[in-house]
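Q: Generate coordinates for the sequence data below:
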Amino acid sequence: MQLSDRVAVITGGASGIARATCLGLAREEVRAIGVVDVSDDVFAACEAGNRTLGRDVLVPFKGDVSSTAFRQSVYAQMVQRFGPVHICVPAAGIVRDALAVKLDETGKAVLYDEHLFRKVIEINLLAPIYWAMEMIGTVAEDRARRKLGRWEPEEKVQGTIIFIGSISSAGNRGQVSYAATKAGLAGAQATLAKEAIYHGVRCAIIHPGFTDTPMVRAMDPKMVREKILPLTQLRRLLRPEEVADAILFMIRNSAASGALWVDAGWHPPA
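A: Residues are numbered from 1 along each chain as shown. Model prediction:
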């Protein structure tokens, strides 16, 4: 897929893998990138990025990715300013780890908090799917305006979605909600891949391992050092730029499909 002069939307873009992906796409001459984040940091991140890149390619949006009105507003503004959105990486996510079932001091079983589970589903599963579908909609509407029907290969690929899965989608102790949402994204990816190609839009997913991001840095360093790193072949955290490079590969190479595991050789015990 030719990236120059394309338009992208990336959620969670103020830090970590998503920020590295924004900078990588900008260096590939993507025309404009809507950088979405719930944090005020998104404004400083975009200002610093644009200064480094030497052009105003990063467009900041602050808001809640689970808000329908916010999502529609971001897409409406991007389409109005730059035209249809061709690339979407809905990377925003949260972690709320706890055992699925544990016993309290009286011997009573305590289940994982249902409110937290619904919150994780809202942010990690529903939101990325809807940000992706919104992007497909901009391409479909643009093709309809140009009286184009089913996409044909000679037109070249019209757009690409990359979901951010996780090695935890295969199961990980203490991550019943996070793992369930990341596994759910794989099902959404497989379905959208079948449907969206009618409009010329590809859909794939990458499954990163533990990466040096604010989310992982918030974990207990001793636990990371003793329980996580020994279970990877590289024996270190991945760098956000390494994962972003894999995302860019999946976007650029239209022959790549399905899932790509970027896991540093993760091999957890049963």
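Q: With adjacent residues omitted, what lies nearest to Asp37?
A: Ala14 (3.8 Å; Cβ to Cβ, 6 or more residues apart in numbering). For glycine as for every other residue, the C-beta is placed from the backbone atoms N, C-alpha and C.
Q: in what helix or strand does that neighbour lie?
A: Under the criterion of DSSP states H and E, Ala14 resides outside all helices and strands.
Q: count of residues packed around it?
A: 25 (other Cβ atoms under 10 Å).
Q: What distance do you get for it to Val30?
A: According to Cβ to Cβ, to the nearest Å, Ala14 and Val30 sit 18 Å apart.
Q: and if you look at Leu248?
A: In this view, Leu248 and Val30 are 10 Å apart by Cβ to Cβ.
Q: for the helix or strand of the chain with the lowest mean pLDDT, the distance to its chain's centre please.
A: Least confident helix or strand of the chain, by mean pLDDT, DSSP states H and E, is helix 214-217 with a mean of 85. Relative to its parent chain, helix 214-217 has a centroid offset of 16 Å by Cα atoms, centre = their mean, to the nearest Å.
Q: any residues touching it, and which ones?
A: Helix 214-217 is contacted from outside by 15-16, 93-95, 210, 224, 237, using Cβ atoms under 8 Å, 6 or more residues apart in numbering.
Q: got the contact list for Arg236?
A: 229, 264.
Q: thought Ala196 was touching Ile161?
A: Yes. At 7.3 Å, Ala196 counts as touching Ile161 under the criterion of Cβ atoms under 8 Å.
Q: okay, and the common contacts of these two?
A: Counting by Cβ under 8 Å, 6+ apart, the common neighbours of Ala196 and Ile161 are 136, 202-203.
Q: The lengthiest strand in the chain packs against which elements?
A: Looking across the chain with DSSP state E, the single longest strand is strand 201-208. The elements that strand 201-208 packs onto, with contact taken as 3 or more Cβ pairs under 8 Å, 6 or more residues apart in numbering; DSSP states H and E, are helix 127-145, strand 159-164, helix 176-196, helix 240-252, strand 258-262.
Q: circling back to that earlier point, have a look at the contacts of helix 214-217 and tell me the least confident one.
A: pLDDT is lowest at Val224 among the contacts of helix 214-217; the value there is 89.
Q: three-state assignment of that one?
A: Under DSSP: H, G, I helix; E, B strand; the rest coil, Val224 falls in the helix class.
Q: Am I right that Cys88 sits in a helix?
A: No. Read with three-state DSSP, Cys88 is strand and lies in no helix.
Q: With adjacent residues omitted, what lies nearest to it?
A: Nearest non-adjacent residue to Cys88, counting by Cβ to Cβ, 6+ apart: Met135, 3.8 Å away.
Q: And for Asn253?
A: Per Cβ to Cβ, 6+ apart, closest to Asn253 is Met1, 7.8 Å.
Q: Equivalent analysis for Ser168, please.
A: Ser168 sits nearest to Ala179 (Cβ to Cβ, 6+ apart), 4.4 Å away.
Q: Can you report how many residues neighbour the one you found?
A: Residues within reach of Ala179, counting by other Cβ under 10 Å, total 21.
Q: all helices of the stretch 1-150 of the chain, in order?
A: In the stretch 1-150 of the chain, the helices defined using DSSP state H, counting those that start in this stretch lie at 16-27, 41-53, 68-82, 114-121, 127-145.
Q: Can you flag the buried ones in the contacts of helix 214-217?
A: 15-16, 93-95, 210, 237 (16 or more other Cβ atoms under 10 Å).
Q: ok, those residues vs Asn124, which is closest?
A: Ranked by distance to Asn124 (Cβ to Cβ), the buried ones among the contacts of helix 214-217 are led by Gly93 at 4.8 Å.
Q: any idea which residue sits dead centre in the protein?
A: Ala91 (2.3 Å; Cα atoms, centre = their mean).
Q: Thr52 versus that residue, what's the distance?
A: Distance, Ala91 to Thr52, using Cβ to Cβ: 20 Å.
Q: next one: stretch 166-175 to chain centre, how far?
A: Here stretch 166-175 is found 17 Å from its chain centre; the criterion is Cα atoms, centre = their mean.
Q: Could you do stretch 239-254 as well?
A: 12 Å.
Q: With that, I have no additional questions.
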